[in-house]
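S.K.: Predicted model, plus sequence, below.
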Amino acid sequence: MENKDSKIAVLYVDDEENNLVSFKATFRLKYKVYTAISGAQAIDIVKNTPINIIITDQRMPEMTGVEFLEEIIKINSDPMRILLTGYTDMGAVIDAVNKGKIFHYLNKPWSEEELDQTIQRAYEIYADRKNIMETYSKLEVSNEQLEFLLRQKLLS
């Protein structure tokens, strides 16, 4: 379970360095911000760092945002995923939903308030999902223990 006092870990991926600097300057006090200038760099971060929320630009060289998110799902499907793009490309949106399993889609330039609210909502779902999985694991153990006790009682 996440420590309630710890900051939400957000990874922002964009091939435009000015956007990375702007995002970090805007959200660094509220969140634990990680930035990556490419999908490959972001994959390394996800492999080595616990991340709660991933925000990625769609149009990047070498790997689109959707392609990046598809790779992330293979590595760690836990982080909530948000696609951000300056272009209204319905094909990209559909791919993001179907392949990248995104939580939300936002247009650039992003509004600080809207992006912040989206991060907060995504984290609520992330935390709820973690709690459900922990409860499910505990129930599985309890069920196994009850089955064992029942077998013991039936055998005696």
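M.R.: Right, received. Where do you want to start?
S.K.: State the next helix or strand along the chain beyond the lowest-mean-pLDDT helix or strand in the chain.
M.R.: Of all the helices and strands that make up the chain, helix 90-98 has the lowest average by mean pLDDT, DSSP states H and E, namely a mean of 66. As assigned by DSSP states H and E, the chain's next helix or strand after helix 90-98 is strand 104-107.
S.K.: Distance from whichever helix or strand comes after that next one to the middle of the chain?
M.R.: The helix or strand immediately downstream of strand 104-107 is helix 112-155, counting by DSSP H and E. Here the centre of mass of C-alpha atoms in helix 112-155, compared against the chain's by Cα atoms, centre = their mean, to the nearest Å, lies 18 Å away.
S.K.: which helices and strands does helix 112-155 pack with?
M.R.: helix 17-27, strand 53-57, strand 80-85, strand 104-107 (3 or more Cβ pairs under 8 Å, 6 or more residues apart in numbering; DSSP states H and E). All C-beta spots, glycine's among them, are computed from the backbone N, C-alpha and C.
S.K.: average pLDDT for that helix?
M.R.: Summarised as a single mean, pLDDT over helix 112-155 is 85.
S.K.: Understood, closing this out.
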